[in-house]
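In: pasting the sequence and the predicted coordinates here, then a few questions.
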Amino acid sequence: MSQKIQVRYDNKIVAFFVLASIFWAGAAFLAGVLAALQLAYWPFNFELEWLTFSRIRPLHTNAAIFAFAGNAIFAGMYHSTQRLLKTRLFSDALSWIHFWGWQLIILSAAITLPLGFSQSKEYAELEWPIDIAITLIWVVFALNFFGTIVKRKEKHIYVAIWFYIATIVTVAVLHIVNSLEIPVGFLQSYPIFGGVQDALVQWWYGHNAVAFFLTTPFLGLMYYYIPKAVNRPVYSYRLSIVHFWSLVFIYIWAGPHHLLYTSLPDWAQTLGMIFSLMLWAPSWGGMINGLLTLRGAWHLLRTDPIVKFLVTAVTFYGMSTFEGPLLSIKSVSLLAHYSDWIIAHVHGGALGWNGFLSFGMFYYIIPKIWKTKMYSTRLMNYHFWIGLSGILIYYISMWASGITQGLMWRAIDDSGYLVYPDFVETVMQIAPLYWVRAVGGILYLTGYVLAVYNIVKTIKSANALEADETVEVNATVDLSVDKSEGFHRRLEGMVTIFSVLVFLSIAVGSILEIVPTLSIHKYVPQSDEVLPYTALEQAGRDVFVTEGCYVCHSQQIQKHVSDVLRYGPASTIGESIYDHPFQWGSKRTGPDLARVGRKYPDLWHFRHMMNPRSMVEKSIMPSYPWLLDKKVDFYSLRKKLSVLKMVGVPYTDEQVAQADRWAEAQADEVAASLAKEGVEGEIKGTKLVALIAYLQALGKKSKDDEKAKAHLELVPGGGGEQ
Amino acid sequence: MKQAALSYFTNNELSLIALILFLIAFSFLIFRLYFWDPKSKYDKLAQIPLEDKEATDGRR
């Protein structure tokens, strides 16, 4: 009989991550409800810049993904990994650096995003100092996790651990590549990628943030907590092997499905579509594996609220991973892209899969580590049913809204004209559904409040947290490779090789999609070449980016009839080649702006930004009065243009050196034009003037455009040869 | 040569070859898992989370 030793599992770090997740969930859900109410009734923006929808939305997504889901992932990973590997975490110090570092990152996000410091890259909005902090903390996390694997007292790494390995390896790659940026100030940077390259890298990141932050770690948690909750082994371990490798290899290719019918080359779009369709198979393999683990224990679904949460979570996972491939089909995307159907899809996954799995896991872990029972099973059930009602109301209302938007946007009559030429007609039609969606969100928040009450009462009734849980395990474990075992069993014992294979699996798709795209700019036809933004236009672009205008307005006219009829010729690669970051957008709460340049006079934009309803009566857009009070830092434009020149924007040395005076000269023109129309006061140096200059440039930067060429003449000294 | 290859990255034959290679590899994986190694070896691994026999509030 082998000798036994005592091992102390660290429950304190688990408890802290659990409580942090629950705390930040409140912030995430409240921000979500506020955002929902703002879309239903624009005065909920309160004309406060920090609470405006375009700043609250990234706060909401970051809080939901990194604060709520992130802390939940770490809680579950640390809890399950110790027990699966039969050892304490590698380093208490690293655990606590991880915890406090992550909370500081969240706090930085909570402060900087409402203040308007944003890169505008979805789910990667945080500026460069915070990106560096994320990298450092992720390294700490990786060291702690892999160190625990090295000191394990269990030879074989269970399937949950494979998913955790895939998460850590891939998120590191995604974050580093998508965060390649050059600072221009303490809290501002420009990505090294521009235009179509930035679009592909961003959505390679964006979709795989969903894949490897919101899916793979949660699948790992599923493979541990469902067997534990029902006291049965997973349905098929062999299926889990197929599930894992298929998912990890295929998922990474799916990013381009966010860019269908854009100016991204067709080959990349087709790859994204095909791999997204293929992804259905492994995803449902995982779902089946999770659900059929309940074989012989289905009665628990009726009696045990933990099982209700976990099984419903897996069901929503199945729904989302059917709907995702469906939406990736080009002809379906034609209807759904930019619409609220995508919002429905996201929230079915986030609220159903991630949210419910997290709560089910918390309800499992909390009584275990506090050595007590949950205060109220009835409240757990109320939480479940109220939360589920909220999800369904949210989902159905946004699905209906999205289908309506898609059909109205695409409707063309027999004469070949748009049936609904004014964008606001569609907005008015779906506005009531925004109220219904807000009700759904409020119900989900209500369920959360019941959970918090229940958890607080549970913890208060317990004697104390069992900070260190002592168990007996075998003193020594033979970790050497046994050639008589199956090949995957041998692989599970060789963690380094396993991790390298995971890296190679995700590297293949990444390289094959990204590398060719990096050369695309060399093949832009001369007719599509444009002039870079002037210094003032670039200043206005920075306002567009940091205010989050991309959250509601796209800048990419798709290659189909209704888009071309509504907005003008389809967008080309060349038109956005100098856009650092790209602003193609992913949602049309308002109209596309790719060719809004000189469609309306300067005064229209002035009045529209001050009060959108003065120009479009039924607009739901918030007002931006603070743009008239805030000044452009003209001098900083020298640094900004020099950085843009470094990443390939063809500014001349003279334009860079004179950027501030160049911008001031153009600002004089815009201010004079507004003054002529009756706008009073000193407005020349304001962010609003810069924004107007930028908006008037959209779609008007062709090398043959006389006004665009005239702006080049404003550079003191001539500007040099462009 | 690289530039020519990158500018014409739509070679259907290459895509077909890649698909066939992928299917062969995938089929081999399935064969090894389901027809080569005995099921009992994998069933034992599936029990790892349950080995600590943690009390499950009367779960069956």
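Out: That came through fine.
In: could you use CA atoms for every contact and neighbour count after this?
Out: Fine.
In: show me what contacts the nearest residue to residue A:531 once chain neighbours are set aside?
Out: Counting by CA to CA, 6 or more residues apart in numbering or on different chains, residue A:531 lies nearest to residue A:701, which is 5.3 Å off, once chain neighbours are set aside. Each residue near residue A:701 by CA atoms under 8 Å, 6 or more residues apart in numbering or on different chains is listed here: A:530-533, A:575, A:708.
In: switch the cut-off to 6 Å
Out: Contact analysis of residue A:701 by CA atoms under 6 Å, 6 or more residues apart in numbering or on different chains lists A:530-531, A:708.
In: quick check: next helix or strand after the lowest-mean-pLDDT helix or strand in chain B?
Out: When the helices and strands of chain B are scored by mean pLDDT, DSSP states H and E, helix B:2-7 comes last with a mean of 52. Per DSSP states H and E, the first helix or strand lying C-terminal to helix B:2-7 is helix B:12-31.
In: avg pLDDT for the very next helix or strand once past that following helix?
Out: Counting by DSSP H and E, the element after helix B:12-31 in chain order, helix or strand, is helix B:39-46. Mean pLDDT, computed over helix B:39-46, is 85.
In: for whatever residue of the stretch 301-450 of chain A ends up closest to chain B, which non-adjacent residue is closest in space?
Out: Nearest residue of the stretch 301-450 of chain A to chain B: residue A:373, at 8.1 Å (CA to the nearest CA). Spatial nearest neighbour of residue A:373, excluding adjacent residues (CA to CA, 6+ apart): residue A:367 at 5.1 Å.
In: what number of residues lie near residue 41?
Out: By default, I'm working from chain A. Residue A:41 has 17 neighbours, counted by other CA atoms under 10 Å in any protein chain shown.
In: oops, I was thinking of chain B
Out: 14.
In: so what's the gap between stretch A:673-680 and the chain middle?
Out: Relative to its parent chain, stretch A:673-680 has a centroid offset of 41 Å by CA atoms, centre = their mean, to the nearest Å.
In: one more: stretch A:278-290?
Out: 23 Å.
In: next, the buried residues of that stretch.
Out: Going by neighbour count (16 or more other CA atoms under 10 Å in any protein chain shown), the buried part of stretch A:278-290 is A:278-290.
In: now do the buried residues in the helix or strand containing residue A:507.
Out: Assessed by DSSP H and E, residue A:507 sits inside helix A:495-518. For helix A:495-518, a neighbour-count test (16+ other CA under 10 Å) marks A:495, A:498-499, A:502-503, A:505-507, A:509-510, A:513-514, A:516-518 as buried.
In: kindly report the same for stretch A:40-49.
Out: Buried positions in stretch A:40-49, judged by neighbour count with 16+ other CA under 10 Å: A:40-42, A:44-45, A:49.
In: ditto for stretch B:39-57
Out: B:42-43, B:45-50.
In: up against chain A, what does chain B have?
Out: B:6, B:37, B:42, B:46-47 (CA under 6 Å from any CA of the partner chain).
In: where does chain A dip in pLDDT?
Out: Chain A contains residues with pLDDT under 70 at A:1-2, A:479-487, A:489-490, A:492-493, A:523, A:526, A:717-722.
In: show me the helices in the stretch 151-300 of chain A, by range?
Out: Along the stretch 151-300 of chain A, counting by DSSP state H, counting those that start in this stretch, helices occupy A:159-178, A:195-213, A:216-230, A:237-251, A:266-292, A:299-303.
In: which other helices and strands contact the last one?
Out: Applying 3 or more CA pairs under 6 Å, 6 or more residues apart in numbering or on different chains; DSSP states H and E, one finds that helix A:299-303 contacts no other helix or strand.
In: after that helix, next one along is what?
Out: helix A:305-328.
In: specify the angle between that following helix and helix A:216-230 in degrees.
Out: Here helix A:305-328 points in a direction 150 degrees away from that of helix A:216-230 (axes from the mean of the first three to the mean of the last three CA atoms, to 10 degrees).
In: how far off centre is helix A:305-328?
Out: Distance, centroid of helix A:305-328 to centroid of chain: 19 Å (CA atoms, centre = their mean).
In: stretch A:396-405 too?
Out: Distance, centroid of stretch A:396-405 to centroid of chain: 21 Å (CA atoms, centre = their mean).
In: residue A:701 and chain B, how far apart?
Out: Distance, residue A:701 to chain B, by CA to the nearest CA, to the nearest Å: 25 Å.
In: torsion angles phi and psi at that residue?
Out: phi -110, psi 20 (degrees, to the nearest 10).
In: ok, the one 3 residues further on next?
Out: Note on residue A:704: its backbone torsions stand at phi -90, psi -10 [degrees, to the nearest 10].
In: what number of residues are in the vicinity of it?
Out: Neighbours of residue A:704 (other CA under 10 Å): 13.
In: count of residues packed around the residue nearest to residue A:599 when sequence neighbours are not counted?
Out: Of all residues beyond its chain neighbours, the one nearest residue A:599 is residue A:696 (7.8 Å), with distances taken as CA to CA, 6+ apart. The number of residues packed near residue A:696 is 21, by other CA under 10 Å.
In: from memory residue A:696 sits against residue A:597, does it?
Out: Yes: counting by CA atoms under 6 Å, residue A:696 does reach residue A:597; the two are 3.8 Å apart.
In: in chain B, what spans have low per-residue confidence?
Out: B:1-12, B:53-60.
In: quick one on the thing from earlier: the residue nearest to residue A:373 belongs to a helix?
Out: Yes: under DSSP: H, G, I helix; E, B strand; the rest coil, residue A:367 sits within a helix.
In: how many neighbouring residues does it have?
Out: Neighbours around residue A:367, by other CA under 10 Å: 20.
In: got the residues of chain A near chain B?
Out: Residues of chain A lying near chain B (CA under 6 Å from any CA): A:233-234, A:237, A:486, A:516.
In: which of these lies closest to residue A:177?
Out: residue A:516 (15.5 Å; CA to CA).
In: thinking again about what came up before, could you dump the helices of the stretch 151-300 of chain A to TSV with distance to residue A:53?
Out: Formatted as TSV, the helices of the stretch 151-300 of chain A follow (distance: least, CA to CA, whole Å):
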stretch	distance to residue A:53
helix A:159-178	25
helix A:195-213	21
helix A:216-230	29
helix A:237-251	31
helix A:266-292	31
helix A:299-303	39
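In: among these, which is nearest residue A:336?
Out: So among those, helix A:266-292 is nearest, using CA to CA, at 14.3 Å.
In: and the closest one, how far out from the chain's middle?
Out: For helix A:266-292, the distance to the chain centre is 19 Å (CA atoms, centre = their mean).
In: and it, what does it pack against?
Out: helix A:237-251, helix A:305-328.
In: how about a cut-off of 8 Å?
Out: Applying 3 or more CA pairs under 8 Å, 6 or more residues apart in numbering or on different chains; DSSP states H and E, we find helix A:266-292 packed against helix A:216-230, helix A:237-251, helix A:305-328.
In: what's the angle between it and helix A:216-230?
Out: 10 degrees.
In: which parts of the stretch 551-700 of chain A are helices?
Out: Going by DSSP H, counting those that start in this stretch, the stretch 551-700 of chain A shows helices at A:561-567, A:602-610, A:636-646, A:653-657, A:659-676, A:687-697.
In: all set, thanks.
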